[in-house]
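Trainee: Generate a structure from the sequence data that follows.
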Amino acid sequence: QVQLQESGPGLVKPSQTLSLTCTVSGGSITTAYHYWSWIRQSPGKGLEWIGHIRYSGSTLYSPSLQSRTSISRDTSKNQFTLQLTSVTPEDTAVYYCARDPGSSAVDYWGQGTQVTVSS
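Mentor: Next up is the predicted model:
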């Protein structure tokens, strides 16, 4: 059973960098063909895909967030990390990490973590 757990600050000030870590257990982030994603949901809005890091270590980001987004990984800890720079209150959301086994559909989700951007 694969489990994902998000961790990081729940409150970030405007213009600062949001940093979240996803710790994966029950599976390796280097397993072939798996993609490890960050997804968010803002109040009153649908799910928004932020980006992913592939099993190979390559990354892909949403065009709307690409200039502010970086996803990296620590294979020794089986973790991957999201950094979102220059945040504004519009970045307030529940942030999820998730796994796509290569089918373009998520099969495992973290429980989500609320991040609020406010001074």
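
Trainee: Quick check: phi and psi at residue 67.
Mentor: Backbone geometry at residue 67, expressed as degrees, to the nearest 10, gives phi -70, psi -20.

Trainee: where does it land on pLDDT?
Mentor: At residue 67, the model reports a pLDDT of 97.

Trainee: For it, give me its contacts.
Mentor: Residues near residue 67 by Cβ atoms under 8 Å, 6 or more residues apart in numbering: none. For glycine as for every other residue, the C-beta is placed from the backbone atoms N, C-alpha and C.

Trainee: Quick check: the gap between it and residue 52.
Mentor: Distance of residue 67 to residue 52, computed by Cβ to Cβ, to the nearest Å: 17 Å.

Trainee: do residue 68 as well
Mentor: Using Cβ to Cβ, residue 68 is found at 16 Å from residue 52.

Trainee: Next, the residue nearest to the spatial centre of the chain: secondary structure please.
Mentor: Nearest to the mean C-alpha position of the chain, counting by Cα atoms, centre = their mean, stands residue 38 at 2.5 Å. Per DSSP: H, G, I helix; E, B strand; the rest coil, the secondary structure class of residue 38 is strand.

Trainee: try residue 6
Mentor: Per three-state DSSP, the local secondary structure of residue 6 is strand.

Trainee: Would you check how far apart it and residue 59 are?
Mentor: 18 Å.

Trainee: Looking at these two, which one has more neighbours?
Mentor: residue 6 (22 against 18; other Cβ atoms under 10 Å).

Trainee: Leaving out the residues flanking it, which one is nearest to that one?
Mentor: residue 113 (4.1 Å; Cβ to Cβ, 6 or more residues apart in numbering).

Trainee: Just to check, that neighbour is in contact with residue 8?
Mentor: Yes: using Cβ atoms under 8 Å, residue 113 makes contact with residue 8 at a distance of 6.5 Å.

Trainee: Please enumerate the shared neighbours of those two.
Mentor: With Cβ under 8 Å, 6+ apart as the test, residue 113 and residue 8 both reach residue 20.

Trainee: okay, the two: which has more neighbours?
Mentor: Legend: neighbour count by other Cβ under 10 Å for residue 113 and residue 8, higher for residue 113 (20 against 15).
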